[in-house]
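Participant: 3D, please:
(one chain, ligands or ions: 1)
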Amino acid sequence: KRLVVFVSGGGSNFRAIHDAALGGDVNDVVVALAVEERSMRGVMAYRSLCSLSRSLLQRGVSTDELLNGLRELRVDFILLAGYLKLIPVELVQAYPKSILNIHPSLLPAFGGKGYYGLKVHKAVIASGARYSGPTVHFVDEHYDTGRTLAQRVVPVQANDTPEQLATRVLHEEHQVYVEAVTALCEDRIVWREDGIPLIRSQT
Ligand SMILES: N[C@@H]1O[C@H](COP(=O)(O)O)[C@@H](O)[C@H]1O
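Facilitator: Numbering: from 1, shown residues only. Okay, here's the model as predicted:
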């Protein structure tokens, strides 16, 4: 399988997926990295890791150019990892049931436009919620509304700061995203009649 990871932030989820692929947890997977220009901070360091990194996301790239770039790379699945831009509907239609995103809350709670980074954890703590955690979901043409594929629960501690909660959630993100990507690459996702995707266990 050929994966491309879209990144805008620090890139730790990309690193977790890349290392899992490298470590053989996921069989015959090629991981390409598409970096959004603004993310000079963290992920650029990883660029050298990927023979296939392309400037797919450079400023002003058109949806057609992006689609052509993905076709050239013969991409099977697109993984959003801290990617902040809305995915064009043409891309969603070109890659049905093939685009995943990870969000740092138990969707549908604390998701949608404006809910990203520490803002999510601040809102969780301010709401008094006792549990939070990451959600891996399929991507549709809206922010954070696609079908949920996998979640992990992280208790919210009484005196948690947003940073402390973010750190514990990020740790679980790496686990659950690799688990979901592995299932996707091994064709272990089954779609219930009502459209809910389920991960079939490894036999
Ligand atoms: N969408 C959110 O953006 C953050 C990206 O972190 P990283 O993978 O760049 O470290 C993660 O918390 C992810 O859930």
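
Participant: Only C-alpha atoms from now on, for both contacts and neighbour counts.
Facilitator: Will do.

Participant: Helix or strand next in line after the worst-scoring helix or strand of the chain on mean pLDDT, which one?
Facilitator: Least confident helix or strand of the chain, by mean pLDDT, DSSP states H and E, is strand 30-35 with a mean of 64. Under the assignment DSSP states H and E, the closest C-terminal helix or strand after strand 30-35 is helix 63-72.

Participant: dump the residue contacts of the nearest residue to A129 once chain neighbours are set aside.
Facilitator: Leaving aside its chain neighbours, A129 sits nearest to V156 (7.2 Å; criterion: C-alpha to C-alpha, 6 or more residues apart in numbering). V156 makes contacts with 125, 129-132, 165, as judged by C-alpha atoms under 8 Å, 6 or more residues apart in numbering.

Participant: Need those residues in TSV (columns: distance to the ligand).
Facilitator: Converted to TSV, the contacts of V156 look like this (distance: C-alpha to the nearest ligand atom, whole Å):
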residue	distance to the ligand
I125	16
A129	18
R130	19
Y131	16
S132	12
L165	11
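
Participant: What parts of the chain come near the ligand?
Facilitator: Within the chain, the positions adjacent to the ligand are 9-14, 81-82, 102-104, 117, 170 by C-alpha under 6 Å from any ligand atom.

Participant: Please flag which of the residues you listed sit within helices.
Facilitator: In helices, judged by DSSP state H, the following of those are found: 12-14, 170.

Participant: most surrounded residue in those?
Facilitator: When neighbours are taken as other C-alpha atoms under 10 Å, the top entry among these is F14 (27 neighbours).

Participant: my guess is that one meets V4, correct?
Facilitator: No - with contact defined as C-alpha atoms under 8 Å, F14 does not reach V4; the gap is 9.5 Å.
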